[in-house]
Structure formats: C-alpha cells, structure tokens
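*Asks:* Predicted coordinates and the sequence they were generated for:
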Amino acid sequence: MVKILVLGATGGLGRYLAQEALSRRHTVSVLVRNPAKFSQMFGSNSNKFANVFEGDGTNATVLAEATKNIDVVVSSIGVRPDVASTAAKALLANNKLGKFVQVAGSTNVLSSDGVALNWTNYVQVWPGAQGAYKSHQAVIDAIKATGVNYVVFCPSVMQSVGSPSFPKMAVRVNRPSGDFVSYEDAAVVMIDAAEVSDWDGQLITSATERN
C-alpha cells in the first residue's frame, strides 16, 4: 500500500488519478482548492480519502502539511512549474525517498528516431507545438532541479472513454506512443508509476487504441 497525495483531483485527469489510486486500496489524500466541489464530484466515495486538504498548490505551508507521511505525490497540474517545484520540495522535506509523478506532454519526449524532440513532428500542423514543449519543459526542469525521484508521463490528446483498456496499454520510455490516450489509461500508467520503480527518472508515454 502506497500513501499518495493527488494534486488537481477535481480536474479532467485528476479525478481519474484519485479514483484509480483509491480502487487499488492505497491510502489516498488530495489537495484541492474547493472541498465542496470535491465532495460533490466524488459523492459518498469522498469519505474514503484519508485527508482532503484545502489550499493552493503554491502554498508551501499547506503543502508541508499535506505531504507529511506521503510516499508519492501524483500531479495532474501540467503547466505550473511553481506548483511542481513547491510540491516536490515539500515532499522531499518530509520524505527524502519520496517520488513525484507528473503529467507533461508528448512534445517533450524524443521522436521515434531517438534524435529530434517530438514537438518538431507536430509543428507543421500545430504552430503552438514549440510553445507547448517549452511550457512542459519548464515543469520538468523545475522537478529535476529539486533532486526528487520522479516519473513524468507525457501524453498526447486526452479525454475520457468510460473505462481503462484491457489488457493494459504498453508503456514506452522517452518515445511517443500515439496521438491519443484516455484519462482512464493515463491514470492507470501514472498510478503504476507510483507503485513501481521501473520508470524512475524517466519520461514515459502510452496510447489508447481508437475503435
């Protein structure tokens, strides 16, 4: 059993991270800005969470309390280097062996050729690809700068499809997997990363097959 703190638990991906961690019988806490919204979203299941902390992800005092006795912080907040840095530092202060699992973007892994960055494959059809890369890289760099053990999940487009894939989708290290991953599959991969050490210190991807 892993003691997990989920950041962004009322967001698109965050709610699935919280649900997935809870379904595996981990001890799950969340940090949210609006506890009432959280309670409404999770209903009776909101009582199954170990702690619901109210506050902003940049508040060092709140994060210092929220990361006490936590093994892994799992963050669905993708383009806030200030949040990532503050949370990672708080985790390290409480647990030097703690792990930080972060979502970023598929722009930031290497292309399949292992040479160019993947954002260069998007730029012809997506002018904002380089900007997205820079935003996500700022988060990745902020995490690395703290010295925390980390895994960064780098998805492409995400949305819910109702349930996770079975069997599980494959995970690739520092290479693109595809142009779509469901929230459900993303949550499975990120909670897997919280449980095992296979991808520590790596950027990883996965993709959901479209029917």
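*Replies:* Noted; the coordinates are in hand. Residues are numbered from 1 along each chain as shown.
*Asks:* Could you tell me how far the most far-flung residue of the chain relative to its centre is located from S156?
*Replies:* Among the residues of the chain, the one whose C-alpha is farthest from the average of all C-alpha positions is Q124, by CA atoms, centre = their mean at 27.7 Å. Look at Q124 and S156: by CB to CB, to the nearest Å, they are 16 Å apart. Using the backbone N, CA and C atoms, a C-beta is placed for each residue, glycine as well.
*Asks:* The residue nearest to N149 when sequence neighbours are not counted: what's it in contact with?
*Replies:* Excluding the flanking residues, the one nearest N149 by CB to CB, 6 or more residues apart in numbering is K99, at 4.7 Å. K99 makes contact with D71, V72, V73, V148, N149, Y150, V151, A193, A194, D200 under the criterion CB atoms under 8 Å, 6 or more residues apart in numbering.
*Asks:* So which of these belong to strands?
*Replies:* V72, V73, N149, Y150, V151 (DSSP state E).
*Asks:* Let's see if you can find the most crowded of these.
*Replies:* V73 (28 neighbours; other CB atoms under 10 Å).
*Asks:* Kindly provide the distance from it to T86.
*Replies:* On the measure of CB to CB, V73 and T86 end up 11 Å apart.
*Asks:* could you say what helices and strands the longest helix along the chain packs with?
*Replies:* Assignment by DSSP state H gives helix 129-146 as the longest helix of the chain. Judged by 3 or more CB pairs under 8 Å, 6 or more residues apart in numbering; DSSP states H and E, helix 129-146 is in contact with helix 81-94, strand 99-103, strand 149-153.
*Asks:* residue contacts, the residue lying closest to S29 once chain neighbours are set aside?
*Replies:* Among residues not flanking S29 along the chain, N51 sits closest, at 4.0 Å (CB to CB, 6+ apart). Applying CB under 8 Å, 6+ apart, one finds that N51 lies in contact with S29, V30, A66.
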